[in-house]
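Enquirer: pasting the sequence and the predicted model now:
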Amino acid sequence: MIEGFTALYIFMLAAFTGYEVISRVPVILHTPLMSGSNFVHGIVLVGAMVALGHADTTLEKTIGFIGVILATGNAVGGYVVTERMLEMFKSSKGGTK
């Protein structure tokens, strides 16, 4: 398993890199990029479930469970945003398809 300082270093590096990448994206592209990255949310969910599966203590299981809940909300929210974005492109006419 990864030691404390190494895990903290990886977390800080990932947070900084993510912030720099997202801050350089034009505002108009945020919604399509976030809805297009739903697969990443699924990977986060799988990672949270793996972490929960390897948990031994009650604290680790609690943190893993919270991680699974948050990752699930993240994935579902991504699909809700995608659905709302796709609704914007549908014709407002009452005609047939």
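Expert: That came through, no problem. Because the structure is predicted, anything quoted here is derived from the model rather than measured.

Enquirer: what is the least confident helix or strand in this protein?
Expert: Across the helices and strands of the chain, mean pLDDT, DSSP states H and E gives its lowest value to helix 30-36, namely a mean of 64.

Enquirer: right, and the helix or strand after it?
Expert: Toward the C-terminus, helix 30-36 is succeeded by helix 38-53 as the next helix or strand (DSSP states H and E).

Enquirer: which residues touch that following helix?
Expert: Surrounding helix 38-53, the residues in contact under the criterion C-beta atoms under 8 Å, 6 or more residues apart in numbering are 61, 64-65, 67-68, 70-72, 74-75, 78-79, 82. The way it works is simple: take the backbone N, C-alpha and C, and place the C-beta from them, glycine included.

Enquirer: residue 10: which of the residues you listed is nearest?
Expert: residue 67 (15.9 Å; C-beta to C-beta).

Enquirer: and the helices in the chain?
Expert: Applying DSSP state H to the chain gives helices spanning 4-23, 30-36, 38-53, 58-88.

Enquirer: any idea how far residue 3 lies from residue 59?
Expert: Applying C-beta to C-beta, to the nearest Å, the value for residue 3 to residue 59 is 18 Å.

Enquirer: any low-confidence regions in this protein?
Expert: Along the chain, segments meeting pLDDT under 70 span 1-2, 27-36, 39, 94-97.

Enquirer: so which residue is dead centre in it?
Expert: Most central residue of the chain, judged by C-alpha distance to the mean C-alpha position with C-alpha atoms, centre = their mean, is residue 41 at 3.6 Å.

Enquirer: residues contacting the closest residue to it other than its chain neighbours?
Expert: Once flanking residues are discounted, residue 41 sits nearest to residue 75: 3.9 Å by C-beta to C-beta, 6 or more residues apart in numbering. Shown in contact with residue 75 (C-beta under 8 Å, 6+ apart): 38, 41-42, 44-45.

Enquirer: number of nearby residues for the closest residue to residue 67 other than its chain neighbours?
Expert: Nearest residue to residue 67, sequence neighbours excluded (C-beta to C-beta, 6+ apart): residue 48, at 3.9 Å. Applying other C-beta atoms under 10 Å, we find 21 other residues in the vicinity of residue 48.
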